[in-house]
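Novice: A structural model of the following input is requested.
(chains A, B, C and D)
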Protein chains: 2
Amino acid sequence: MGKNRSVPTLNDVAKAAGVSTATVSRCLNSPDQVIEATRQRVMQAVESLGYTPNFAAQVMAARRSFTIGAIIPTMDNAIFARGLQEFQNQLRESGYTLLVSSSAYDPEVEREQIRTLVARGADGLLLIGHARDAEIYEYLERHQVPSVVAWSYDPEAQRPSVGFSNADAMRELARSVISAGHRRIAMISGITQGNDRAQGRVVGVQQAMAEFGLEASALTLIETAYEIDKGAEAFRRLMALAPRPTVVMCGNDVLAAGALREARRLEIQVPEQVSVTGFDDIELAEIVSPALTTVHVPHREMGRKAACELTAMVEGKSEGRSICINIRVVNRHSLAKPPCQS
Amino acid sequence: MGKNRSVPTLNDVAKAAGVSTATVSRCLNSPDQVIEATRQRVMQAVESLGYTPNFAAQVMAARRSFTIGAIIPTMDNAIFARGLQEFQNQLRESGYTLLVSSSAYDPEVEREQIRTLVARGADGLLLIGHARDAEIYEYLERHQVPSVVAWSYDPEAQRPSVGFSNADAMRELARSVISAGHRRIAMISGITQGNDRAQGRVVGVQQAMAEFGLEASALTLIETAYEIDKGAEAFRRLMALAPRPTVVMCGNDVLAAGALREARRLEIQVPEQVSVTGFDDIELAEIVSPALTTVHVPHREMGRKAACELTAMVEGKSEGRSICINIRVVNRHSLAKPPCQS
DNA sequence: AATCTATTTGTAAGCGCTTACATTGATAAT
DNA sequence: ATTATCAATGTAAGCGCTTACAAATAGATT
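Specialist: Numbers count the residues shown, from 1 in each chain, chains lettered A, B, ... in the order given. The predicted structure follows:
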């Protein structure tokens, strides 16, 4: 209760142990430089005072924080949550702490948070996707903060990235769709503005269509936020079209789940009357009915590899390589041949 | 490219603007204490040097960080993700930054992360649930870091909490279940060890049963981690029992989704042959079929209110009140009367 | 015994910022 | 004209730590 037993400092510990602050610091940071007896005395003092180092002071003096920052578009999507969890686990093993903040898909917010994290002494940063002002990268460079981009893969890009080509992945899925006989294709995409992953997925569909000699006009595209309700709404609009598309390819599983929910409400049979596909293969994909045909992305693996690469960069062991993650199409029940009278 | 244009400091700005560091600091932190002309000159310099204050130094000098920390059990659950997103939004409005870390339901990790966040200068902390060593609270007290507990409500507790009574909520749902005629009740609970929310939910079911004069033995209880697969597995075990329970109350929607998935696999009709209930009312609840009868928890509201309360405490405007959030049972289709030959 | 070397510890200079206090100059009150 | 008052700015003392360098001690080498 007494105000005098407030937060103890290095100095207090030093006094209590009868040594200099340097020795205490060494006990904590490089114990083998200190003789056993001294160390014990110091640790005692640390213990009995309940000392915890002041992080800000440490960062300032050592110019190193053992902290990695991550800025993700939203926490409210299992794919990031899952990958990040693994990212964090991996970091912990290497002695780093992860700090996460979410930008709510707003570039302005993201940029502010990047600054915050850097100012806070983050040794490295995990970013999602490449689309971002050059100015930000310059800022990172100036502050000498390494970064890796995840959930996206682009060997051409300046930054190292860990992920996969969204276009390639979606193209592969689109090929199955077209091979199954679909010709009137609709896509419910996420907002492509400032989101290279969403853009890539659209491009993938377009490429596959071109391969099969379909005209671009055969694709009906709706862009909407990655939310269940939005997916449902978009699906409703699509079903009001005449002629109806025979397949609705969704930008991710969440949108697809919304589509499926709406289909049930409208009493449209999936996949008998219309097929639906997703992307990501989150748990949801297996739970909805019919289970979604989708693209499986190994989010955890991605998180782990991103962590390895980033720590290597922070420790000067890597210049920053890009790593490509393998994805695969998962066939479940939401994709079938188009109805006969197509 | 030159190494000389490395990170600029307050001092550099001061020189460039021909003022003292104090004036620069004031321009940035309390601009109205500085005359217009000077301010412009300083801001110019800030701009052209691309200056960003060093956070660690700021924290250290000002002993204030405008940072709030949150430690959640896992990012991998929509209920926390959602509430936190709102928590963060609210904090932003008041000028605070949120730092999140997840403890993976491990008290040891949680405690370490609390220390990390405090050492990092967090002005306040958001914690989930009450169950936690007294030592941790002492630590927070000593460091004078206010905290609020969310996703739990206990007016008796020392700490202010923002949430609801898990026991009351589950009791209400259990009453509906029993009123519908169920007598052989099973529950798939989350791990109760060190988790007051999970404990409360079990207690709620037991209380309702007692109210209706049912013996404790009429309840079959399985504890398992909050994962879809675990829910499925538990459901399978329950269905292997003879006699089978007529209803499976799940500790949350995720477990319930797992149960439903397994029911489909086993070709057990829900709710005709067995009823299933959830808890939380995440989006999932509406998407699965049949849609879940569950308890609706306004996670966003909780996040928002927790943020308000916590910032008030940080700013010395509140001593820490507890706030009770209203929940309600949502009747959808997964709960019905037990089959006749019960 | 004198010198060298290696190990352990101490000394003290920052790290980049904030802020109490002192100073200055201008304006208002006498 | 003199003094009191106030706003704008400067001075400098830290905040709590790390670390280069210096000092002291103890063996090893000659």
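Novice: Could you use CA atoms for every contact and neighbour count after this?
Specialist: Noted.
Novice: wait, doesn't A:Ile323 sit right on A:Ser161?
Specialist: Yes - with contact defined as C-alpha atoms under 8 Å, A:Ile323 counts as touching A:Ser161 (6.2 Å).
Novice: Mutual contacts of the two, please.
Specialist: A:Tyr153 (C-alpha atoms under 8 Å, 6 or more residues apart in numbering or on different chains).
Novice: who's more crowded, the two?
Specialist: A direct count of neighbours by other C-alpha atoms under 10 Å in any protein chain shown for A:Ile323 and A:Ser161 places A:Ser161 higher, at 30 against 20.
Novice: Show me what that one is bridged to.
Specialist: A:Val149 (DSSP bridges).
Novice: Pull up the per-residue confidence for it.
Specialist: A:Ser161 is assigned 95 on the pLDDT scale.
Novice: Any figure for the gap between it and A:Met75?
Specialist: Look at A:Ser161 and A:Met75: by C-alpha to C-alpha, to the nearest Å, they are 20 Å apart.
Novice: what residue ranges in the stretch 201-342 of chain A are flagged as low confidence?
Specialist: Low-confidence segments of the stretch 201-342 of chain A, defined by pLDDT under 70: A:341-342.
Novice: Which part of it gets nearest to DNA strand C, residue-wise?
Specialist: Relative to DNA strand C, the nearest point of the stretch 201-342 of chain A is A:Val314 (18.4 Å; C-alpha to the nearest atom of the strand).
Novice: my read: that residue touches A:Asp123, true?
Specialist: Yes - between A:Val314 and A:Asp123 a contact is recorded at 6.4 Å, counting by C-alpha under 8 Å.
Novice: And the strands in chain A?
Specialist: Taking DSSP state E, the strands of chain A run over residues A:67-72, A:97-102, A:124-128, A:147-150, A:161-163, A:185-189, A:219-223, A:247-250, A:275-277, A:294-296, A:323-324, A:328-330.
Novice: now the ones you listed as a markdown table including distance to B:Gln33?
Specialist: Formatted as a markdown table, those follow (distance: least, C-alpha to C-alpha, whole Å):
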| stretch | distance to B:Gln33 |
| --- | --- |
| strand A:67-72 | 34 |
| strand A:97-102 | 33 |
| strand A:124-128 | 36 |
| strand A:147-150 | 38 |
| strand A:161-163 | 46 |
| strand A:185-189 | 50 |
| strand A:219-223 | 48 |
| strand A:247-250 | 55 |
| strand A:275-277 | 60 |
| strand A:294-296 | 57 |
| strand A:323-324 | 52 |
| strand A:328-330 | 61 |
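Novice: Do a quick rundown of the helices in the stretch 1-150 of chain A.
Specialist: Counting by DSSP state H, counting those that start in this stretch, one finds helices in the stretch 1-150 of chain A at the ranges A:10-17, A:21-29, A:36-49, A:55-62, A:78-93, A:107-119, A:134-142.
Novice: Would you tell me which one of the ones you listed is buried the most?
Specialist: Comparing the helices of the stretch 1-150 of chain A by mean neighbour count (mean count of other C-alpha atoms under 10 Å in any protein chain shown), helix A:78-93 comes out on top with a mean of 21.
Novice: So what's the gap between that helix and the chain middle?
Specialist: With C-alpha atoms, centre = their mean, to the nearest Å as the basis, helix A:78-93 stands 9 Å off its chain's centre.
Novice: Could you tell me the angle between it and strand A:67-72?
Specialist: If you take axes from the mean of the first three to the mean of the last three C-alpha atoms, to 10 degrees, helix A:78-93 sits at 180 degrees to strand A:67-72.
Novice: Outside of helix A:78-93 itself, which residues are in contact with it?
Specialist: Contacts of helix A:78-93 (C-alpha under 8 Å, 6+ apart): A:72, A:74-75, A:97-98, A:280, A:282, A:299-308, A:311, B:74-78, B:102.
Novice: Buried subset of those, written for PyMOL?
Specialist: Typed into PyMOL, the next command selects the buried ones out of those (criterion: 16 or more other C-alpha atoms under 10 Å in any protein chain shown):
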select buried, (chain A and resi 72+74+75+97+98+280+282+299+300+301+302+303+304+305+306+307+311) or (chain B and resi 74+75+76+77+78+102)
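Novice: Number of residues surrounding whichever residue of the stretch 151-300 of chain A sits closest to chain B?
Specialist: When distances are taken as C-alpha to the nearest C-alpha, the stretch 151-300 of chain A reaches nearest to chain B at A:Val288, 5.5 Å away. A:Val288 is flanked by 22 other residues according to other C-alpha under 10 Å.
Novice: swap in A:Arg132?
Specialist: For A:Arg132, using other C-alpha under 10 Å, the count is 16.
Novice: wait, what's in contact with it?
Specialist: By C-alpha under 8 Å, 6+ apart, the contact list for A:Arg132 reads A:107, A:194.
Novice: can you tell me how far it sits from A:Gly213?
Specialist: From A:Arg132 over to A:Gly213 (counting by C-alpha to C-alpha), the distance is 34 Å.
Novice: hmm, back to that, who's more crowded, A:Val314 and A:Asp123?
Specialist: The neighbour comparison of A:Val314 against A:Asp123 (other C-alpha under 10 Å) goes to A:Asp123, with 25 against 20.
Novice: Give me the pLDDT for that one.
Specialist: A:Asp123 carries a pLDDT value of 92.
Novice: Repeat that for the one 5 residues further on.
Specialist: Among the per-residue scores, A:Ile128 holds a pLDDT of 95.
Novice: Spell out which parts of the stretch 1-150 of chain A neighbour DNA strand D.
Specialist: Within reach of DNA strand D by C-alpha under 7 Å from any atom of the strand, the stretch 1-150 of chain A has these residues: A:8-11, A:21-26, A:28-29, A:52-55, A:57-62.
Novice: could you pick out which of the residues you listed are near chain B?
Specialist: When C-alpha under 8 Å from any C-alpha of the partner chain is applied, the members of those adjacent to chain B are A:52-55, A:57, A:59-60.
Novice: In contact with the residue lying closest to A:Gln273 once chain neighbours are set aside, which residues?
Specialist: Distances taken as C-alpha to C-alpha, 6 or more residues apart in numbering or on different chains place A:Pro339 nearest to A:Gln273, at 5.9 Å, with adjacent residues excluded. Listed by C-alpha under 8 Å, 6+ apart, the contact partners of A:Pro339 are A:246, A:272-274.
Novice: so which residue of the stretch 201-342 of chain A comes closest to DNA strand D?
Specialist: Counting by C-alpha to the nearest atom of the strand, the stretch 201-342 of chain A gets nearest DNA strand D through A:Glu315, at 13.8 Å.
Novice: Quick check: the residue of the stretch 201-342 of chain A closest to DNA strand C vs A:Gln158, distance?
Specialist: In terms of C-alpha to C-alpha, A:Val314 sits 17 Å off from A:Gln158.
Novice: likewise A:Ala104?
Specialist: 25 Å.
Novice: A:Leu214: what's it in contact with?
Specialist: By C-alpha under 8 Å, 6+ apart, the residues touching A:Leu214 are A:Arg183.
Novice: before we move on, the earlier item: would you convert the helices of the stretch 1-150 of chain A into a markdown table that also reports mean pLDDT and distance to DNA strand C?
Specialist: Putting those into a markdown table (pLDDT from 0 to 100; distance: least, C-alpha to the nearest atom of the strand, whole Å) gives the following:
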| stretch | mean pLDDT | distance to DNA strand C |
| --- | --- | --- |
| helix A:10-17 | 94 | 8 |
| helix A:21-29 | 94 | 5 |
| helix A:36-49 | 93 | 5 |
| helix A:55-62 | 91 | 3 |
| helix A:78-93 | 90 | 26 |
| helix A:107-119 | 88 | 9 |
| helix A:134-142 | 89 | 13 |
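Novice: All set, thanks.
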